[in-house]
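**Q** Got a predicted structure plus its sequence, pasted below:
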Amino acid sequence: QVQLVESGGGLVQAGGSLRLSCAASGRTISISAMGWFRQAPGKEREFVGGISPRFGSTYYADSVKGRFTISRDNAKNTVYLQMNSLKPEDTAIYYCALKPGMVVTGAPDYDSWGQGTQVTVSS
C-alpha cells in the first residue's frame, strides 16, 4: 500500500520561501512519476509541477516557473518542492501525488495522494 506524507507547510510573508517534503512508502519514487498539486478555497486542484521517473526531468506550471523547484532524494524516497519568491496567490493546500509512467498535469491520473499541507502567504 502506497503512503505519501507531506510536511513543511506553514505561514510565510510574501517574498519568502518554504520547502515542502513528500515522503513515500510502499513504492519507489525513482520509478514513479511524482506530481505536486495545490488547491485554494473555492478553486479546483491544479498542477504545480512534477518529476519524471528514472532521469528526473521536471515540469512546472507557468504560474510557478522560475520560482519553484522540484527535486528528489532516492535514498530517502522523498520528493521536495522548494518554493521561493512566494506570493499571496500561492496560498493553498499542497498535495503530492504518485502515478506509474510519465508526469501528466491531470489530477485524476494520479492514483496515490498525500493528505496535504497548508501553505499561507501573507501580503
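**A** That came in fine, so what should we check first? Numbering: from 1, shown residues only.

**Q** C-alpha from now on. contacts and neighbour counts both.
**A** OK.

**Q** Low-confidence ranges, the protein, go.
**A** Applying pLDDT under 70 to the chain flags no residue at all.

**Q** which residues of it fall in strands?
**A** All strands of the chain, identified by DSSP state E, fall at 3-7, 10-13, 18-25, 33-39, 46-51, 58-60, 68-73, 78-83, 92-99, 112-113, 117-122.

**Q** Show me what counts as buried in the third one.
**A** Along strand 18-25, these residues count as buried under the neighbour rule (16 or more other C-alpha atoms under 10 Å): 18-24.

**Q** what angle separates it from strand 33-39?
**A** 130 degrees (axes from the mean of the first three to the mean of the last three C-alpha atoms, to 10 degrees).

**Q** partners of strand 18-25 in the sheet?
**A** Strand 18-25 pairs in its sheet with strand 3-7 (antiparallel), strand 78-83 (antiparallel), by DSSP bridges.

**Q** Most tightly packed of the ones you listed?
**A** With neighbours defined as mean count of other C-alpha atoms under 10 Å, the strands paired with strand 18-25 peak in mean count at strand 78-83, which reaches a mean of 21.

**Q** Pull out the CA atoms of that one and give them to me as PDB.
**A** Extracted C-alpha coordinates of strand 78-83, given in PDB (Å, rounded to 0.1, in the frame of the first residue of the first chain):
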ATOM      1  CA  THR A  78      11.300  11.700  -0.700                       C
ATOM      2  CA  VAL A  79      10.400  14.400  -3.200                       C
ATOM      3  CA  TYR A  80      10.800  18.100  -2.400                       C
ATOM      4  CA  LEU A  81       9.100  21.300  -3.600                       C
ATOM      5  CA  GLN A  82      11.300  24.300  -3.000                       C
ATOM      6  CA  MET A  83       9.200  27.400  -3.200                       C
END
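
**Q** Fine, thanks again, bye for now.
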